[in-house]
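3D, please:
(one chain, ligands or ions: 1)
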Amino acid sequence: MTETNTPAGDAGTAAVLAVLAWRLLRLVFTPFHRRVWVYACLVLGMAERAHGAGVLGATALASPLAWWLLRTSWAPASAWYAARETEHRAGRYSRERSQAARAVLAHLNLDAEVVVASFPFGDELTVRIPHGGTRAQVLNAAPALREALGYLTLNAADDDAPGVVKLNGVTRDLLSDPLEGPAPVAADGWEAAAGSWVTVALDRNGKDVELPLFLPAAGGLRYLIAGASGSGKSSCQTQLTVAAIRSGARVWLADPKQTEMAGFRPWAERYATTPDGIVEMLEALCVEMRARQGALAGQFQSCWTLADGPVVLLVVDELSAVTMCGDKKLKERGLRALEDLAARSRSAGITLILTTQQPTTDVIPSVIRSNLDIRIGHRVMTATVSDVIIPGSARDGLGAPHDIPGSYDRSGRLTCAGVFYLDGMGPRTLARAWYIPQAEVPDILTGAGVLPVVRPAQEASRDRAPSPTSSAGEPDAARPERRPRRRRTPAPGA
Ligand SMILES: Nc1ncnc2c1ncn2[C@@H]1O[C@H](COP(=O)(O)OP(=O)(O)OP(=O)(O)O)[C@@H](O)[C@H]1O
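Down below sits the predicted model:
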C-alpha cells in the first residue's frame, strides 16, 4: 500500500510519532501491567506508518482523550480508575519506604531486606535478619529508622517469625484520629463461623484488635463494656452483634435506651426495652441455659460446642436498667438472673455483653463483675471508676480508662470516642474502635443476605399477657414503663 504524502497526512504522522515517543519514554518507568495501553498505541502507530490510514492515527491520538472523558464522567470507570491508582500508589509508597529503610540499615552496616506494608495508622516493616546479623542489631537500628522514616513511634511487634524482625511504625495519633471507612465486619464477603474472631479496632501500633464470640475450649465469653456517656461504648458492642448475627448466632437484646441497638431489632430473636421485659428475658435465658446444661450432662460433655447448636448472644445495653431498677422485687429477680448467667453461661455456649455508663459497684455488683472475662474500658472520669472496670488499673501503671484524654469537638463529639483499654485478652491494650452507626446496621445485614427473624405471632400476645416465667421477650415502647397491664384473656392461638 502507498503512503499518503499530503501535508495533513504528514502532520498526522508527526503527531502520532510524538505521542508514541512520549509513550515509549513512559514505558521505561511503567510497571508491566500498565503497559498494555502503550502497546496498543504502538501497534496503531505502526499501522498508520505502514498503511497511511488516517483513521488509525486519529484513534491513537483521540483514545487517551476518550478514556479521560470516560473516567471523569462515568462513575464505574472513575471508581475502577481510583481503585487502580490507590493500589498503584500503595505499591509505590511501600517500595519507596522499603528502599529508604534499606538505605538506613546499609548505613549502619546491616545489609537487610525490608518489606513495608501500610496500615491506616502506620506501617509494618518486616526486616529479614542478614546473614551473620542478629535480632538485637536490627532492634538497635530502630531509632535511626524511626527518625529517617518519620514515624511517631517504631516498636517491635510481638509476632516475629524466625529470621525476621517485625517493626510497627505509627504515623497517626490513635487518640486524635477516628478510624475512617467501613468497619471490617461490615465489609462484603465477611464470613465467619460463630467461633471466629472479630476485628473491632486498631491498637496503637496500627495492628488489628480481634475479639472472640465463642471459644471452642471455653464456650461463651462475658464482656463488660463501660465508659462515660458518649465515649463510644456502642462501637465494639455493635460490631460484635453484627458479627454474631452474620455468623448465625441467636441474638437477645436488652435495649432500655432504645437508641444503641434499635437497628438490630428485626434480627433479634428476643428484644426487650422495659425493666420488667428485660428481667423476663434474663430469666428466660437462665431457663435456656439450664436446658443446655442438662443436655450437656446427658452427653457427658463439659462444654457447649458449635455442633450442639448456635451461640446465644445476650446484649444488655445499660445494666443499670436492671441493677438500679426502682422496683425492689424486680431488681432482685434481675440480679439473681444476671448472677446466674455471669457464673454459668460460658459452658452453655452463651456470650454476654454487659454495658454501662455508670461503672460503680452498685451497678455491677462484685459477684457479677468477678465473672466477666473481657473488660473494655472507655474514657471515665476517676481512677476509682477505672478500678471497677479493670481491677488494679488505677495503680498498676499499665494504662487505665481515666487516663484516656478527650474533649468535645465543635460538633459535640468526644474526640476520644471509640478509644478504649482492653483487658483480659493478653497484655492490656489501648485501641481505637471502628464505628458502625445504627442507621447502617439494617443495610449491612440485609446486604449480607441475613434474613430478619420471623417472630412468632405470640410475640404480640406476650405484650398483652406477660408472665414472669414465660420465655417471652417483650417488645418495647408500646408497653407501659412501670407495670404491664395483665389481661386475663388468653393469647390468640393459645
Ligand atoms: N469508634 C468511634 N469512632 C468515631 N466516632 C465514634 C466512635 N464511637 C462513637 N463515636 C461517636 O461518638 C458518638 C457517641 O457514641 P456512642 O453512642 O457509642 O457512645 P456511648 O458511650 O454509647 O454513649 P451513651 O452511653 O450516652 O449511649 C457517636 O454518635 C459517634 O458520633
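
how about the residue in the stretch 51-200 of the chain positioned nearest to the ligand, secondary structure?
Nearest to the ligand in the stretch 51-200 of the chain, going by CB to the nearest ligand atom, is P178, at a distance of 3.6 Å. From N, CA and C alone the C-beta is placed, and that goes for glycine too. Classification of P178 using DSSP: H, G, I helix; E, B strand; the rest coil returns coil.

how about the residues of the chain by the ligand?
Residues of the chain lying close to the ligand (CB under 6 Å from any ligand atom) are 178, 227, 229-235, 260, 357, 413, 417-418, 433, 435.

of all the residues in this protein, which one is nearest the ligand?
Closest approach between the chain and the ligand, counting by CB to the nearest ligand atom: G418, at 2.1 Å.

count the residues that sit near P162.
For P162, the neighbour count with other CB atoms under 10 Å is 5.

for it, give its distance to A141.
Distance, P162 to A141, by CB to CB, to the nearest Å: 19 Å.

which among the residues of the chain next to the ligand end up buried?
Applying 16 or more other CB atoms under 10 Å to the residues of the chain next to the ligand, the neighbour count classes 178, 227, 230-235, 260, 357, 417-418, 433, 435 as buried.

widest-spaced pair of the residues you listed?
Checked with CB to CB, those reach their widest spread between P178 and Q357, with 19.8 Å between them.

count of residues packed around A148?
15.

which residue is the nearest non-sequential neighbour of it?
V104 (4.7 Å; CB to CB, 6 or more residues apart in numbering).

pretty sure the one you found is in a helix, no?
Yes: counting by three-state DSSP, V104 is located in a helix.

who's in contact with it?
Residues near V104 by CB atoms under 8 Å, 6 or more residues apart in numbering: A141, A144, L145, A148, L149.

ok, 6 Å please
Going by CB atoms under 6 Å, 6 or more residues apart in numbering, V104 touches A144, L145, A148.

tell me the helix or strand right after the particular helix or strand that has V198 in it.
Here V198, judged by DSSP states H and E, is contained in strand 197-203. Of the helices and strands lying after strand 197-203 in sequence (DSSP H and E), the nearest is strand 208-212.

circling back: columns distance to Y271 on top of the buried ones among the residues of the chain next to the ligand, output as JSON lines?
Shown next, in JSON lines, are these (distance: CB to CB, whole Å):
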{"residue": "P178", "distance to Y271": "29"}
{"residue": "G227", "distance to Y271": "24"}
{"residue": "G230", "distance to Y271": "24"}
{"residue": "S231", "distance to Y271": "24"}
{"residue": "G232", "distance to Y271": "23"}
{"residue": "K233", "distance to Y271": "19"}
{"residue": "S234", "distance to Y271": "16"}
{"residue": "S235", "distance to Y271": "21"}
{"residue": "E260", "distance to Y271": "12"}
{"residue": "Q357", "distance to Y271": "21"}
{"residue": "A417", "distance to Y271": "25"}
{"residue": "G418", "distance to Y271": "25"}
{"residue": "A433", "distance to Y271": "24"}
{"residue": "Y435", "distance to Y271": "22"}
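
which ones among the residues you listed map onto helices?
Per DSSP state H, helices hold the following members of those: S234, S235.

of the buried ones among the residues of the chain next to the ligand, which one scores lowest on pLDDT?
Among those, E260 carries the weakest pLDDT, at 79.

can you confirm T360 is in a strand?
No: judged by three-state DSSP, T360 forms no part of a strand; its state is coil.

nearest spatial neighbour of it, skipping sequence neighbours?
V388 (6.3 Å).

what sits up against the strand or helix carrying the one you found?
For V388, the host element (DSSP H and E) is helix 383-389. Applying CB under 6 Å, 6+ apart, the external contacts of helix 383-389 come out as A226, P359, R375, G377, V380, S393, A394, A400, P401, H402.

let me see the mean pLDDT of whichever strand or helix holds the fourth one.
Yep, that's G377 we're talking about. Assigning secondary structure by DSSP H and E places G377 in strand 374-378. What strand 374-378 shows for mean pLDDT is 97.

now do that strand and strand 197-203, the angle between them.
Orientation check (axes from the mean of the first three to the mean of the last three CA atoms, to 10 degrees): strand 374-378 against strand 197-203 gives 40 degrees.

helices and strands around strand 374-378, which ones?
strand 222-226, strand 419-423 (3 or more CB pairs under 6 Å, 6 or more residues apart in numbering; DSSP states H and E).

noted, bye for now.
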